[in-house]
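A.B. asks: Would you be able to build a 3D model of this:
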Amino acid sequence: MLRHGVPFRHSKNASFSIRQKSSGGRRPKKKTYHRVPELDRVMELRKKPSMILHLSSLIQSQPQTLFLRDLEKHVGFVRKWAFMGLMEKHPSLFRVAGTPPSVSLTARALRLAQEETHARAQMEPLLVTNLRKLLMLCVDCRVPLETVELLGPELGLPSDFKDCLVPKYPQFFAVRRFRGRDSLALEDWDSTLALTARESRLAQEGVVNLKADGNRRKVKISRDGNYLGPFAFKMNFPAGFRPNVGYLEQLERWQKLEFPSPYLNARRFDAADPKARKRAVAVIHELLSLTMEKRMTSLQLDAFHAECLLPSNLLLCLIKHQGIFYLTNKGVRSTVFLKDAYLGSNLIDKCPLLQFYDKFMALCGRGNIDLCDNNSLTMVV
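C.D. replies: Residues are numbered from 1 along each chain as shown. Next comes the predicted model:
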C-alpha cells in the first residue's frame, strides 16, 4: 500500500492527480498528470493486431483447422464474436469453409507464418542475454518462475521456456525450490552484461567517459530537461508541461547526481539516500528496457517489487519522473512506458520477432499498420 492510500497493484482506474499538503485550512493544490495521447494511442492500436496474432497462433496449434464450434472454448463466448468479425474483415489472412465450418490461414498467410520459426531462432540469443540480465538485477539473482511466466510475453519468451529454453543453457540457469516455490536462478554472473541500456546509449553519444567535473564548457540544462552528462536520463516532457526555473535547477542537480549501478546489490544502499533513490529509477528504466516493446503492465512491474527492492511508493515514483516514464490506464490494465524508446506512437528499435509481426500484419493492408509519420511499418503486439 502506498502513501495517499493509492495501491500500485490495483491501479487500473487509479487517479493520477496528487494533492500536496496545505496549511492554513486552504484546499490543497492539485498537481496535474499530463497525458501523452501518442502513447495512449499505442494501447488502442494494439487491440486488433493482438487479436489477429492470437487467432493465427490458435489456428496453427490445431492438427488441421479450427472448427468454429470450438472457438468459444478457446476464447470465451463474448470474444468469440469479435474473432469471427476479424475473420470476415480479413479474408487475406483467414479462410472459412467446409461443413461444419472451420477457419484456416490462407496459403499466403500460412507461408509467411512459417517464418516465425526463423524469427524466434534469431531471438534466442537476445532472450538468453536479457533473461540473464533480468536475474542480475534481482537482489538474490533469482526470480520465482511464476513471475517469469507473468513477464514472459513481454520478454518474447516462448510459453514453454521452462522446458525448451532453460535446460538448453545449464551454464546460465537453474530451477531451484525456494520457500515453497520454484525459482529461476542465475548460475553465472557476467560483468560484461552489467551495462544498462541508458549507458549504452550514452556510449554511442560519446558521453560515458565524460567526468562531471571535466574540463569542458559548462552546459546548462535545457528547458526540455535534458543534460549532457554520464549520470543523466533522457527526458521527454509531455505537451503542456511548462517547468519553471526552480524546477529546472532542481532537475539539473538531480541529472548530475552520481548513483550506483542497477546491477549492484540493492541491499548495499540506504533506501533514503538520494543516490539510492536515483538508482531505483535506473532499475525501473532497465527492467522496461529488457522487454520487447519497452513497457510493462503495472502488475508485471509490481511483481519485481521485492526482487529488485523497488521504492515502496512505486506509483508516485513513476508519476514524479514523468519525463522518463509514462503511466496509462488505457487498455485492460494500466501500463508503464519507457518514453525514450518511442517516437510518437512508434517503437524506435524492434527485435526480430516484432519485425516478423509487422510483416505478417502487412497482409491486412497498410492502413492497419502504418502508424507513424515516416511510413515505416509499425505494429503493436
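A.B. asks: neighbours around residue 173, how many?
C.D. replies: Per other Cβ atoms under 10 Å, the neighbour tally for residue 173 reads 22. Where C-beta positions appear, they are placed from N, C-alpha and C, glycine not excepted.
A.B. asks: pretty sure it is touching residue 187, no?
C.D. replies: Yes: here residue 173 lies in contact with residue 187, judged by Cβ atoms under 8 Å, at a distance of 6.2 Å.
A.B. asks: and residue 249, how many neighbours does it have?
C.D. replies: 13.
A.B. asks: which element is it on?
C.D. replies: helix 245-256 (DSSP states H and E).
A.B. asks: Name the residues that touch the helix or strand just after that helix?
C.D. replies: Downstream of helix 245-256, the next assigned helix or strand under DSSP H and E is helix 274-289. Identification of contacts with helix 274-289 by Cβ atoms under 8 Å, 6 or more residues apart in numbering yields 133-134, 137, 196-198, 231, 233, 254, 257-262, 266, 269-271, 294-296, 301, 304, 308-311, 317-318, 321, 324-325, 336-338, 341.
A.B. asks: After helix 274-289, which helix or strand is next? Please name it.
C.D. replies: Downstream of helix 274-289, the first helix or strand assigned by DSSP H and E is strand 295-297.
A.B. asks: which helices and strands does that next one pack with?
C.D. replies: If contacts are counted by 3 or more Cβ pairs under 8 Å, 6 or more residues apart in numbering; DSSP states H and E, strand 295-297 sits against helix 145-155, helix 274-289, strand 335-338.
A.B. asks: Generate JSON lines for these, with mean pLDDT as supplementary columns.
C.D. replies: Below are those laid out as JSON lines (pLDDT from 0 to 100):
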{"stretch": "helix 145-155", "mean pLDDT": "95"}
{"stretch": "helix 274-289", "mean pLDDT": "97"}
{"stretch": "strand 335-338", "mean pLDDT": "96"}
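A.B. asks: Compare those and report which one is nearest to residue 128.
C.D. replies: Nearest of those to residue 128, taken as Cβ to Cβ: helix 145-155 at 10.8 Å.
A.B. asks: Does anything pack onto the helix or strand following the closest one? Which helices or strands?
C.D. replies: Downstream of helix 145-155, the first helix or strand assigned by DSSP H and E is helix 161-164. The contact analysis (3+ Cβ pairs under 8 Å, 6+ apart) places helix 161-164 against helix 145-155.
A.B. asks: Could you figure out how far the helix it packs on is turned away from helix 274-289?
C.D. replies: 70 degrees (axes from the mean of the first three to the mean of the last three Cα atoms, to 10 degrees).
A.B. asks: Since that was my last question, I'll sign off now.
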